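> sequence and predicted structure are below.
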Amino acid sequence: MGSGAAQLQNQLIDYTTSLFNEGILNEQFTQLQSLQDESNPDFVAEVVKLFFEDSERLLNDMSKSLGQGNVDFKKLDAHVHQLKGSSSSCIKCLQQVRNEYSLVKSKLETMLKLEQQQILAAGASIPKVVSGF
């Protein structure tokens, strides 16, 4: 492994550590990483992509629900529970969730891009980062 690959691995470790420090990643991500191995090297990326797809669908469903004249708050509450694990029918709260999701998505996409396009392309392996939690 060349020094360029080692530098990319260090960059990924630093970035991922910052995501842990910001609270964007937590112990669940560490558990997710532990399930990735040589037989399924894209496991984390696949799960994160599924998260993006499900979250975007839920956010769109919630926006549509709130845009109707007769809001079905039970349905909206179910969507919120799916996405965030708590109940809210407030448009301001929905916007906050949407903003947080966009931030998380952007940061995780950057991490995945670094992993896939740079580290793996350089012939190096993706380092596992263990949280300080």
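Structure received.

> where in the chain is pLDDT low?
Low-confidence segments of the chain (pLDDT under 70): 1, 84-96, 131-133.

> could you say what helices and strands the helix ranked longest in it packs with?
Counting residues, the longest helix found in the chain (DSSP state H) is helix 43-67. The elements that helix 43-67 packs onto, with contact taken as 3 or more C-beta pairs under 8 Å, 6 or more residues apart in numbering; DSSP states H and E, are helix 27-34, helix 73-84, helix 91-113. C-beta: built from backbone N, CA, C; applies to glycine.

> wait, Gln11 sits on Lys113?
No - with contact defined as C-beta atoms under 8 Å, Gln11 does not reach Lys113; the gap is 11.5 Å.

> now do stretch 19-26: distance to the chain's middle.
10 Å (C-alpha atoms, centre = their mean, to the nearest Å).

> go through that stretch and flag the buried ones.
Residues 19-20, 24-25 are the ones in stretch 19-26 that count as buried (16 or more other C-beta atoms under 10 Å).

> report the two of these separated the most.
Spanning the widest gap among the buried residues of stretch 19-26 are Phe20 and Ile24, at 7.6 Å by C-beta to C-beta.

> and the nearest residue in space to Leu112 that is not next to it in sequence, how far is that from Gln36?
Computed as C-beta to C-beta, 6 or more residues apart in numbering, the closest residue to Leu112 that is not its neighbour in sequence is Ala45, at 5.2 Å. Distance, Ala45 to Gln36, by C-beta to C-beta, to the nearest Å: 9 Å.

> ok, Gln82 next?
Taken as C-beta to C-beta, the span from Gln82 to Gln36 is 25 Å.

> just Asp54 next, same as before
20 Å.

> more crowded one of the two?
Taking neighbours as other C-beta atoms under 10 Å, Asp54 and Gln36 compare with Gln36 leading, 17 against 12.
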